[in-house]
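Novice: compute the structure for the input listed below.
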Amino acid sequence: MIDKQTNLALIKQLSDANGISGFEDEVLDIIKNWTKDIGTTSRDSLLNLYLESRKTTPGKPVVQLDCHTDEVGFMVKAIRDDGMIEFITIGGWIPTNVPAHRVRVLNRDGRYVPGVVASKPPHFMTESERKAPLEITALVIDIGASSRQEVVETYRIPIAAPVVPDATCTYDETHDILIGKAFDNRLGCASVIATMRELAAEQLAVDIVGAFASQEEVGTRGATVTARKVKPDIAIVFEGCPADDTVVPAYAAQTVVKKGPMLRHIDARMITNPRFQRYALDMAARNGIPVQEAVRAAGATNGAPIHMSNQGVPTIVIGTPVRYAHTHYGMSAYSDFENGVKLAIKIIKSLDRETIASF
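Specialist: Got it, this is the predicted structure:
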């Protein structure tokens, strides 16, 4: 039986962890700590982490459970003479979602320094400035310093320091709502761990490798490497997918919070294997697991490099809906997360070499 309280503790710890693309070390440490009893871990120079079950058998088909460990954030670009910090975005941000939020800036001593994203106060804006579209270059991070020297010498913040949103994950038990940062894709990380934990004692016809990929938010870079290393026969990608229930008409909504995980048929970089997709949807229907189907014209996941790797890999995406992804605060339902894990477990238990070959 899936342990809700254990999973909530895991989700909260992963969500609160600091880890923009390329700087996912803290996230990896948490994953390794939570998976000691599940299998063995290893990592590569790109900070991809691999979790292999202790019950592997040479010759069995390999299932790759994918997720990505990085989150969107920022990086220090320059430090002004007045102590204000200029920055660039890491991953996709809408400029209007960035100002007036707290952030954490990593200093040379490994300590995260609190700051606020600031803009020119309206009191000092001209009329044309008020009406102009907001650009990232108009924003700075203020840590409370008054000079460049203070930033560098006292706060010990260098150029290229990673910057993460400052938010704490909470859970509303009454309404089943999680609020926190980095649900894209720490919910996926938790999904891989929860799935492998539940299957650890099972006798399966396949072997499972959990692949926690780095740098998805800057071009699915990590998964390009993990797919080459794992060489899977089949793959399930866990994602935190942007929810659309607050931004499109009800008839068009396909990623609704509290209606189950989303399985996408297509996005900008992958046409989902229709046979594996149908198999997953039928599995959900037979087991009473709520799911949603989506057709996406834009966006992509690690499924893109994985499904094109080796000689081609049947791949599906199981996505937990996340309202306001790529902002400081995402909003998701725990039930959607758990139903995604339940579906993955049912699928993996049913897989064997003949079934995989049919895809």
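
Novice: so residue 107 touches residue 154, yeah?
Specialist: No. When contacts are counted by CB atoms under 8 Å, residue 107 is not listed as touching residue 154 (9.9 Å). To be clear about C-beta, it is placed using only N, CA and C from the backbone, and glycine gets the same treatment.

Novice: who's more crowded, these two?
Specialist: Legend: neighbour count by other CB atoms under 10 Å for residue 107 and residue 154, higher for residue 107 (18 against 13).

Novice: ok, now which ones touch the closest residue to the more buried one other than its chain neighbours?
Specialist: Distances taken as CB to CB, 6 or more residues apart in numbering put residue 156 closest to residue 107, at 4.3 Å, once the chain neighbours are dropped. Neighbouring residues of residue 156 by CB atoms under 8 Å, 6 or more residues apart in numbering: 107-109.

Novice: let me see the ranges of the helices in the stretch 51-200 of the chain.
Specialist: Counting by DSSP state H, counting those that start in this stretch, the segments of the stretch 51-200 of the chain that form helices are 127-131, 148-149, 183-199.

Novice: now the element after the last one, going C-ward?
Specialist: Along the chain past helix 183-199, the next helix or strand (assigned with DSSP states H and E) turns out to be strand 207-213.

Novice: kindly export that following strand (C-alpha atoms) in CSV.
Specialist: Extracted C-alpha coordinates of strand 207-213, given in CSV (Å, rounded to 0.1, in the frame of the first residue of the first chain):
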residue,chain,number,x,y,z
ASP,A,207,14.6,-4.8,-14.7
ILE,A,208,14.1,-1.2,-13.6
VAL,A,209,16.6,1.7,-13.7
GLY,A,210,15.6,5.1,-12.3
ALA,A,211,17.3,7.8,-14.3
PHE,A,212,17.3,11.2,-12.6
ALA,A,213,18.4,13.5,-15.4
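
Novice: what pLDDT, on average, does it get?
Specialist: Mean pLDDT, strand 207-213: 98.

Novice: mind listing what that strand pairs with, with the direction of each?
Specialist: Using DSSP bridges, the neighbouring strands of strand 207-213 in the sheet come out as strand 49-53 (antiparallel), strand 62-68 (parallel).

Novice: return the most buried member of the ones you listed.
Specialist: Burial among those, expressed as mean neighbours by mean count of other CB atoms under 10 Å, is greatest for strand 62-68, which shows a mean of 27.

Novice: so how far is residue 57 from residue 99?
Specialist: 54 Å (CB to CB, to the nearest Å).

Novice: same thing with residue 210?
Specialist: Per CB to CB, residue 210 is found 17 Å from residue 57.
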